[in-house]
Every structure is written in structure tokens, then in C-alpha cells.
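[1] Output the structure for:
(one chain, ligands or ions: 2)
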Amino acid sequence: MFRIGQGFDVHRLVADRPCIIGGIDIPYQYGLLGHSDADVLLHTIADACLGAIGEGDIGNHFPDTDPAFKDADSQQLLQEVWKLVEQKGFVLGNLDCTVIAQAPKLAPYIGAIRDNIARLLKCESDQVNVKATTTEKLGFTGRGEGIAAQAIVLLTEK
Ligand SMILES: Nc1ccn([C@@H]2O[C@H](COP(=O)(O)O)[C@@H](O)[C@H]2O)c(=O)n1
Ligand SMILES: C[C@@]1(CO)OP(=O)(O)OP(=O)(O)OC[C@H]1O
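    Numbers count the residues shown, from 1 in each chain. Ligands and ions are numbered 1, 2, ... in the order given. The predicted model follows:
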């Protein structure tokens, strides 16, 4: 049996915050604002995984009102989500995702992000694809006010 899920997330860019995307700390003058470390890509992937197994979304599992998740490492949140996926008897088929950011330039970090996601989801790197796009300076992402990400995941039975 196959299960498919999709995710979408946005975080605001502000001064004096780290810019962590896919678990990699990206050098940039602005960073992502959130209750957790605001890793927009890992949140999107967590939502896609939760969607695939019919388990709601990341906010249901890790509420942003809970001090336990203040400045949380989103790698740990995704690993918790992945445990649920495994408990339901699934492994990753493949994952495709896109980071929508005018800046920073992500190309130099895409390989490291991909390998890190594969590590978190206990799969091979060739099961994971990570893309980046600008929005040609249009909209909130184009103005550099925030970064968005989307993901689609296919799970297969173990
Ligand atoms: N933050 C970003 C956005 C895009 N890229 C790479 O640049 C290429 C062109 O992007 P378009 O917006 O014109 O589609 C593309 O190959 C992206 O991977 C990037 O590295 N960082
Ligand atoms: C991750 C959580 C929990 O710390 O907080 P944020 O970092 O604000 O991120 P969001 O994408 O709004 O997802 C759900 C939250 O509950």
C-alpha cells in the first residue's frame, strides 16, 4: 500500500535569528522567526509525513503554546514524526521538496540539506530531492519578508 502527503509552511525573516533550513545553519544576515528554531523545510516535511499517515499536522503534535518546544530543534520534531510513520509500518518511497526564498542562495547547501533529511528519515539520499526557487522578487518571499517551503512524500509499506 502507498500513502501520499503534502506539506506547506512559511516563516518570517527577521534580524538576530539563525537561518536554519533542513537542519543546516545557513549563513545569512536574517533568520527565521518561530516558537521553535523555525526550520521551515523540516516543518513542511513533517506536515507531509503526518498528512500521509492521517495524523493531522505539526501544530497538533507540538503546540506553539507549549514551552517544551520553545527554540526546539526541528530535527528532533521530525524524528518524532518519523517514529509515528514507522509505527504505522511505512518506510519512505521518495520525498520531493522546494524552498521558496529570494535569498539566501541555497545552491551551495542543497547537498548537505538532502543528506541530512535522508539521515533523519533513515533512507538513502537518492530518495530525497531538494529544490530552491526565488519568486522573481514578487510577493512576500520576493521582498525577502519570509521563506516558504513545500513538500510531497510517498510512503510505502515496509
Ligand atoms: N534561494 C534560492 C533560490 C534559487 N536558487 C537556485 O537558483 C536557480 C534559479 O532559481 P529561479 O528562482 O530562477 O527558479 C535554481 O537552480 C535554484 O536552485 C538558490 O540556490 N537559492
Ligand atoms: C513547531 C512549532 C512548535 O514549536 O512552532 P513554530 O516554530 O512556530 O512553527 P510552525 O510552523 O508554526 O509549526 C508548529 C509549531 O507548533
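
[2] Setting the sequence-adjacent residues aside, check what's closest to the residue located most distally from the centre of the chain.
    The outermost residue of the chain relative to its centre, with distances by CA atoms, centre = their mean, is Met1 at 24.6 Å. The spatially closest residue to Met1, leaving aside those adjacent along the chain, is Glu157, at 5.0 Å (CB to CB, 6 or more residues apart in numbering). The way it works is simple: take the backbone N, C-alpha and C, and place the C-beta from them, glycine included.

[3] For burial, what's the neighbour tally of the one you found?
    11 (other CB atoms under 10 Å).

[4] Same check on Thr65?
    Thr65 has 7 nearby residues by other CB under 10 Å.

[5] quick one: it and ligand 2, what's the gap?
    Relative to ligand 2, Thr65 is positioned 8 Å away (criterion: CB to the nearest ligand atom, to the nearest Å).

[6] pLDDT value on that residue, please?
    Listed pLDDT for Thr65 reads 97.

[7] Contacts for the helix or strand harbouring Leu92, please.
    Using DSSP states H and E, Leu92 falls within strand 90-100. Residues outside strand 90-100 that contact it (CB atoms under 8 Å, 6 or more residues apart in numbering) are 2-3, 21-22, 40-41, 44-45, 48, 52-53, 106, 117, 121-123, 127-135, 141, 147-158.

[8] So which bits of the next helix or strand after that strand are buried?
    For strand 90-100, the following helix or strand on the C-terminal side (DSSP H and E) is helix 110-120. Across helix 110-120, burial judged by 16 or more other CB atoms under 10 Å covers Ile110, Ile113, Arg114, Asp115, Asn116, Ile117, Ala118, Leu120.
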